[in-house]
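> attaching a predicted model along with its sequence, questions to come.
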Amino acid sequence: MAQKNGVKAPISRKSLVDTTINGEPVEFLCEPRQSLLECLRDVLELTGSKEGCLTGDCGACTVLMDGRAVCSCLVLGVEAQGKNIVTVEGLAETTRLHALQQKFLEHASLQCGICTPGFLMSAKALLDRNPDPTEREVRYALAGNLCRCTGYDKIVRAVLDAAKTLRETRDASAAAGS
Amino acid sequence: MHAISFESPNTLKEALKVLAAHGDKARPLCGGTDLIIQLRAGVRRPDHIVDIKKIKELREIKFDRKKGLRLGAAVRCIDIFENATMRKQYPGLTEAAHLIGSLQIQNRASVGGNLCNGSPAADTTPALIALGARARVAGPNGEREIVVEDFVLSPGRTVLKPGELLVQLLVPAPAAHSSDAYLRFIPRNEMDIAVVGVGASVTLDRDEVVRAARIALGAVAATPLLAEKAAASLIGKKLDDAALETAGRLASEKSSPIDDMRGTAEYRRHVTSVLTQRALALAASRASGKQG
């Protein structure tokens, strides 16, 4: 990947990036200046992550990188080398929606839907670390995601409800296992 | 389109070699929350990006009760907030790191990057200045240390010479009965650039008289500022209303703000005084063990 020292005019050359996306090992080629968002959407055809502002303000491109929510427009594709990336495409299991997705539907937490993948990923990052968040914690965790349709409240309700469902599922399976 | 090379050295030595080879054509990459936007906008046009996040020394938070803190330049804001020692020993710096942007930004951005980006409105820089932090810089001619208040030269420009890299931020150990605070004023609750930011640190004696103080101002001049006269006015005094007002006025006199969409110069001067008083009071209440 590294270019040899002493080369004056850098030649555009693509790097091979070896990464994990949604649990699967993936290799892709990209130029160093391409963002992870561009690589996901245009190289890997994972178009669930959305392009909004390209300045890290709107959160529509949020993905998880090693378990942390990041704006994929502010990550270079080459930085995904050796990382574990989760996108909205990795949420549902085969035909079963993730509890967050199901609750977003039930609470009507989306209208145009452009912001939804980003909200889902920020919410997942929160619930993975904090299974029982307060409303304040939910609102804080989602502060980096903008929605111009819903007024946020329905999104917050859905996340709190999904957290409850996930806790109940976890408790039930723990009880069944003991 | 302008092509870029990307390298991610594993050691400081390797990074310095690469940076030296490319000189001012290279730009270190940490969280990318400023650099990637600048690349896209054409504000910075490096030929070589050097990712410094694999360098162990730059990722470590090392605290010693006597020697103080060695904060790696690439330590993420979120790592600072999640570190119990940081929250206890340097609450002001920690709150500054936790104020920057959203969690998505804090999960990538570093205090070192915030400093090297050279913005007058950087939130963590006044917090560092208030603590008396020094920047440990390595380069082709060896190492040097610069006090943080001298690090930024003008918006977007720093003392770093081609080939040089910020390695660590060195922060003195907190004295007994001392603490710090950082307060920022923005027109909404979160997620905005400072209209004014003020960092303060205070050391009290047993009678709650100020033994030492530092006050630093952000977003009210071309660079973050150390307000020396304002801090000096407090020495030997209790932090009563009169002392706070004097310090606030002197801090305001030190500022040289501009009018922009976030506020007028006159407004910023007023807010500088108010925030200075509040930051001092908060740091003092922490120092006397009443809070935080």
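The structure has been received and is ready for your questions.

> residues contacting residue 170?
No chain in the question, so chain A it is. The neighbourhood of residue A:170, defined by Cβ atoms under 8 Å, 6 or more residues apart in numbering or on different chains, consists of residue A:131. Where you see a C-beta, it was placed from the backbone N, CA and C, and this is true even at glycine.

> chain B, not that one
Taking Cβ under 8 Å, 6+ apart, one finds B:68-71, B:133-136, B:145 in contact with residue B:170.

> if you set the cut-off to 6 Å instead, what comes out?
Contacts for residue B:170 (Cβ atoms under 6 Å, 6 or more residues apart in numbering or on different chains) come out as B:70, B:134, B:136.

> which strand residues bridge it?
residue B:70, residue B:134 (DSSP bridges).

> what's the burial count for the single nearest residue of chain A relative to chain B?
The nearest approach of chain A to chain B comes at residue A:144, 2.3 Å away (Cβ to the nearest Cβ). Neighbour count for residue A:144, taken as other Cβ atoms under 10 Å in any protein chain shown: 26.

> ditto for residue A:126
There are 21 residues near residue A:126, going by other Cβ under 10 Å.

> point out where chain A drops to low pLDDT.
Applying pLDDT under 70 to chain A flags the ranges A:1-12, A:178.

> can you list the domains in it?
Listed by automatic domain parsing, the domain ranges of chain A are A:15-90, A:99-171.

> winner for burial among the ones you listed?
Among the domains of chain A, the stretch with the highest mean neighbour count (mean count of other Cβ atoms under 10 Å in any protein chain shown) is domain A:15-90, at a mean of 21.

> okay, how far is it across that domain, tip to tip?
25 Å (Cα to Cα, to the nearest Å).

> rewinding a little: so the residue of chain A closest to chain B touches residue A:59, yeah?
Yes. With contacts counted by Cβ atoms under 6 Å, residue A:144 reaches residue A:59, the gap being 4.6 Å.

> which parts of stretch B:222-233 are buried?
For stretch B:222-233, burial by neighbour count (16 or more other Cβ atoms under 10 Å in any protein chain shown) applies to B:223-227, B:230-231, B:233.

> could you dump those into CSV with pLDDT, secondary structure and distance to chain A added?
Output for these, formatted as CSV (pLDDT from 0 to 100; DSSP: H, G, I helix; E, B strand; the rest coil; distance: Cβ to the nearest Cβ, whole Å):
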residue, pLDDT, secondary structure, distance to chain A
B:223, 98, coil, 23
B:224, 98, coil, 22
B:225, 98, strand, 27
B:226, 98, strand, 30
B:227, 98, coil, 31
B:230, 98, helix, 33
B:231, 98, helix, 33
B:233, 98, coil, 37
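
> residue B:196 against residue B:274, yeah?
No. Look at residue B:196 against residue B:274 with Cβ under 6 Å: they stay out of range, at 8.5 Å.

> of these two, who's got more company?
Neighbour count, other Cβ under 10 Å: between residue B:196 and residue B:274, residue B:196 has more, with 30 against 16.

> the closest residue to residue B:53 other than its chain neighbours: neighbour count?
Nearest residue to residue B:53 in three dimensions, chain neighbours excluded: residue B:74, at 5.2 Å (Cβ to Cβ, 6 or more residues apart in numbering or on different chains). For residue B:74, the count of nearby residues is 27 (other Cβ under 10 Å).

> and if you look at residue B:10?
Residue B:10 has 10 neighbours, counted by other Cβ under 10 Å.

> and whichever strand or helix holds residue B:250, what does it pack against?
If you go by DSSP states H and E, residue B:250 is part of helix B:241-254. Applying 3 or more Cβ pairs under 6 Å, 6 or more residues apart in numbering or on different chains; DSSP states H and E, we find helix B:241-254 packed against helix B:228-232, helix B:265-287.

> buried stuff in the longest one?
The one in question is helix B:265-287. In terms of neighbour count (16+ other Cβ under 10 Å), helix B:265-287 has its buried residues at B:268-269, B:271-287.

> the residue of chain A closest to chain B in helix, strand or coil?
State at residue A:144, reduced to three classes by DSSP: H, G, I helix; E, B strand; the rest coil: coil.

> from residue A:71, how far out is it?
The spacing between residue A:144 and residue A:71, counted by Cβ to Cβ, to the nearest Å, is 8 Å.

> is it true that the residue nearest to residue B:53 touches residue B:60?
No. Using Cβ under 6 Å, residue B:74 is not in contact with residue B:60; the gap is 9.3 Å.

> once you drop chain neighbours, what's closest to the closest residue to chain A within the stretch 151-292 of chain B?
As assessed by Cβ to the nearest Cβ, chain A sits closest to residue B:190 within the stretch 151-292 of chain B, at 5.4 Å. Nearest residue to residue B:190, sequence neighbours excluded (Cβ to Cβ, 6+ apart): residue A:143, at 5.4 Å.

> do residue B:166 as well
Setting aside the residues directly before and after it, residue B:166 is nearest to residue B:73 in space (Cβ to Cβ, 6+ apart), at 4.3 Å.

> report the contact partners of that neighbour.
Contacts for residue B:73 (Cβ under 6 Å, 6+ apart) come out as B:58, B:112, B:166-167.

> of those residues, closest to residue A:126?
residue B:112 (26.7 Å; Cβ to Cβ).

> give me the residues contacting the helix or strand harbouring the closest one.
Assigned by DSSP H and E, residue B:112 belongs to helix B:111-116. Applying Cβ under 6 Å, 6+ apart, the contact partners of helix B:111-116 are B:30-31, B:73, B:97, B:122, B:124-125, B:158, B:166.

> who wins for neighbours among these?
In the contacts of helix B:111-116, the most neighbours by other Cβ under 10 Å go to residue B:124, 34 neighbours.

> what does stretch B:199-212 contact?
Stretch B:199-212 is contacted by residues B:92, B:126-127, B:130-131, B:175, B:177-178, B:180-182, B:213-216, B:234-235, B:237-238, B:279-280, B:283-284, B:287-288 when judged by Cβ under 6 Å, 6+ apart.
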